[in-house]
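S.K.: got a structure for you, letters missing:
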């Protein structure tokens, strides 16, 4: 008669999930017992046969196999990844018989794991064998760490699949337009062309000129209508204050280019200068004038705390045009310094900094002038890109571009050529269009369309600034505007997943996201 096992005695996958400290203690016990400890680390977003073979080969390298899972916040594969949460991924891995213990790693690399567990063998897949192909550079640090403890790294050599490829093709079910576009991008070798283009801007010097905006988010919970007032009552839940405007744009480009400087204005009252300077990345320098008897532009948004829907906003500013001594100082600094930069990016929010004389200095001194001229509640209909007679690159969103040529419903391809031929002397244009992607234009190569990469939006604020900041240096060195637009859409997809300006778009996560898209 077959013997049966009591179900309560069966190993349960969740029992294998432990803290890193517990896993390290288990590793010490195993070593004292004379057992060889093997560590495997990764995302393991969608288990497949390649993973089974990978864990099987890893287990053959020793006596005990521990697996650590990258926590959700450190999976740099784009706004829609990981597909499964780290708890679910850990449970799936723990269900495999080859695996003796699982932990979740809340650090960006595995170096901390290696120091804690000190494995005899650290196992990675064959994709990491060429260490120079790893855009993060983490594998080199991890190899050094394991060797420092007398261990070795082992690269598996067995059947492989890609979780990202399987998710892209079968689970995410992108629309047919995006699927066809990505197939074409693979055929055109975007996997290699994009990193090469990004590498070419690494040593560029970039100047940004524009208004600093303090973006304040006040989080509230709606309570309802008071019985004696016709207003909405809310309960205060907290707030965050970000350095935005040209400061946020500078931080985005600072992750891609070596040297970044900002020319801007701060207010004498409520200057927020400490916040601004503390927010700058290390390779960003700030030069500013101080507007007397005026605050630094501040936009306070009241945000429903559960779903992050914006209820209304309040502007605090003096948007009178810059004049007198302050204008002369800014013009003088532009005339003296602008020629030292490879690219000059103008973020014109229409709040008074970019007076006619300031614009004239930029037009005459910039080697490569990139423009974004924005419409907002304080300047709608008055702040148009057509106030600049020329530029080398213009990046606008669709409503701003249509407003500039007074063509509300015009096709964006027509809008781009109209802006070029009839309003502004410019050879390169990108018009962003939210969930519809972007339209790129080059005077010689014409128009192309890049579909949007994600529909998951946390916050759209600053997405256009991030798009402009990263694509401007690219547009300065390449006439392949469709490739530039592809990179810009990746930047935008990452930025709309970030609330406010909590962090800037970074180079390595963006490249990892693009790798994921193209698998």
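M.R.: Nice, I can see it. Bear in mind that the values here come from a model prediction, so they are computed numbers and not experimental data. Numbers count the residues shown, from 1 in each chain.

S.K.: any idea how far the residue nearest to residue 200 when sequence neighbours are not counted lies from residue 368?
M.R.: Using CB to CB, 6 or more residues apart in numbering and skipping the chain neighbours, the partner closest in space to residue 200 is residue 477 (5.5 Å). In short, each C-beta sits where N, CA and C put it, glycine included. Applying CB to CB, to the nearest Å, the value for residue 477 to residue 368 is 9 Å.

S.K.: quick one, which of these two is more surrounded?
M.R.: residue 368 (20 against 15; other CB atoms under 10 Å).

S.K.: averaging pLDDT per element, find the lowest-scoring helix or strand in this structure.
M.R.: Of all helical and strand segments in the chain, the minimum by mean pLDDT, DSSP states H and E falls on helix 163-166, at a mean of 50.

S.K.: tell me which helix or strand comes right after that helix.
M.R.: Beyond helix 163-166 in the direction of the C-terminus, DSSP states H and E gives the next helix or strand as helix 176-187.

S.K.: next helix or strand past that following helix?
M.R.: Following helix 176-187 in sequence, per DSSP H and E, is helix 190-200.

S.K.: how about residues contacting that following helix?
M.R.: Around helix 190-200, the neighbours that count as contacts under CB atoms under 8 Å, 6 or more residues apart in numbering are 135, 256, 474, 477-478, 480, 483-484, 486-487, 507, 511, 514-515, 518.

S.K.: give the buried residues for that helix.
M.R.: By neighbour count with 16 or more other CB atoms under 10 Å, helix 190-200 contains the buried residues 190, 193, 194, 195, 197, 198.

S.K.: just to revisit the earlier point, what's the residue nearest to residue 200 in contact with, if anything?
M.R.: By CB under 8 Å, 6+ apart, the residues touching residue 477 are 197, 200, 201.

S.K.: at 10 Å instead, please
M.R.: 197, 200, 201, 204, 342, 343, 368, 484 (CB atoms under 10 Å, 6 or more residues apart in numbering).

S.K.: can you tell me how far it is from residue 384?
M.R.: Residue 477 is 28 Å from residue 384, by CB to CB.

S.K.: related to what we said a few turns ago, now, the contacts of helix 190-200 that are in helices?
M.R.: Taking DSSP state H, the ones among those that sit in helices are 474, 477, 483, 484, 486, 487, 507, 511, 514, 515.

S.K.: please tell me how far the last one sits from residue 191.
M.R.: Computed as CB to CB, the residue 515 to residue 191 distance reads 7 Å.

S.K.: quick check: neighbours shared by these two?
M.R.: Joint contacts of residue 515 and residue 191 (CB under 10 Å, 6+ apart) do not exist.

S.K.: now the strands for the stretch 1-150 of the chain?
M.R.: Applying DSSP state E, counting those that start in this stretch to the stretch 1-150 of the chain gives strands spanning 37-42, 64-70, 101-105, 121-124.

S.K.: what ranges do the strands span in the stretch 201-350 of the chain?
M.R.: Ranges of strands in the stretch 201-350 of the chain, per DSSP E, counting those that start in this stretch, are 205-210, 212-224, 233-245, 259-269, 284-295, 298-304, 309-316, 343-348.

S.K.: between strand 298-304 and the second one, find me the angle.
M.R.: Computed with axes from the mean of the first three to the mean of the last three CA atoms, to 10 degrees, the direction of strand 212-224 lies at 30 degrees from that of strand 298-304.

S.K.: buried stuff in strand 212-224?
M.R.: Buried, per 16+ other CB under 10 Å, within strand 212-224: 212, 213, 214, 215, 216, 217, 218, 219, 220.

S.K.: hang on, the fifth one packs against residue 241?
M.R.: In other words, residue 216. Yes: using CB atoms under 10 Å, residue 216 is in contact with residue 241, at 5.0 Å.

S.K.: and the ones in helices among the contacts of helix 190-200, which of them are buried?
M.R.: For the ones in helices among the contacts of helix 190-200, buried by 16+ other CB under 10 Å: 474, 483, 484, 486, 487, 507, 511, 514, 515.

S.K.: between the residues you listed, which is nearest residue 37?
M.R.: Checking those against residue 37 with CB to CB, the nearest one is residue 515 at 30.7 Å.

S.K.: residue contacts, residue 208?
M.R.: So, once contact is read as CB under 10 Å, 6+ apart, residue 208 ends up touching 245-247, 249-250, 252-254, 260-264, 284, 341, 343-347, 370, 465, 468-469, 472.

S.K.: tell me where the model's unsure across the protein.
M.R.: 1-13, 76-81, 130-137, 158-174, 455 (pLDDT under 70).

S.K.: same thing but at 80, please
M.R.: 1-15, 45-51, 73-84, 126-139, 157-176, 418-421, 454-456, 519 (pLDDT under 80).

S.K.: is residue 263 bridged to anything, and to what?
M.R.: Assessed by DSSP bridges, residue 263 has beta-bridge partners residue 209, residue 287.

S.K.: re earlier: I'd like the contacts of residue 477 as JSON lines, with distance to residue 301 appended.
M.R.: Below are the contacts of residue 477 laid out as JSON lines (distance: CB to CB, whole Å):
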{"residue": "197", "distance to residue 301": "35"}
{"residue": "200", "distance to residue 301": "37"}
{"residue": "201", "distance to residue 301": "33"}
{"residue": "204", "distance to residue 301": "33"}
{"residue": "342", "distance to residue 301": "35"}
{"residue": "343", "distance to residue 301": "30"}
{"residue": "368", "distance to residue 301": "34"}
{"residue": "484", "distance to residue 301": "31"}
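
S.K.: and stretch 204-216, end to end?
M.R.: 32 Å (CA to CA, to the nearest Å).

S.K.: sorry, back to before: mind giving me TSV with the buried ones among the ones in helices among the contacts of helix 190-200 and columns for distance to residue 311?
M.R.: Converted to TSV, those look like this (distance: CB to CB, whole Å):
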residue	distance to residue 311
474	37
483	39
484	36
486	35
487	34
507	35
511	37
514	35
515	39
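
S.K.: show me which of these is closest to residue 401.
M.R.: Taking these together and measuring to residue 401 by CB to CB, the closest member is residue 484, at 16.8 Å.

S.K.: the closest one and residue 367, how far apart?
M.R.: According to CB to CB, residue 484 stands 18 Å off from residue 367.

S.K.: before we move on, what about residue 267?
M.R.: Here residue 267 is placed at a distance of 31 Å from residue 367 (CB to CB).

S.K.: more neighbours: these two, which one.
M.R.: Applying other CB under 10 Å to residue 267 and residue 367 shows that residue 267 carries more neighbours, namely 22 against 14.

S.K.: check contacts around that one.
M.R.: Taking CB under 10 Å, 6+ apart, we find residue 267 in contact with 212, 214, 273, 290-298, 316-318.
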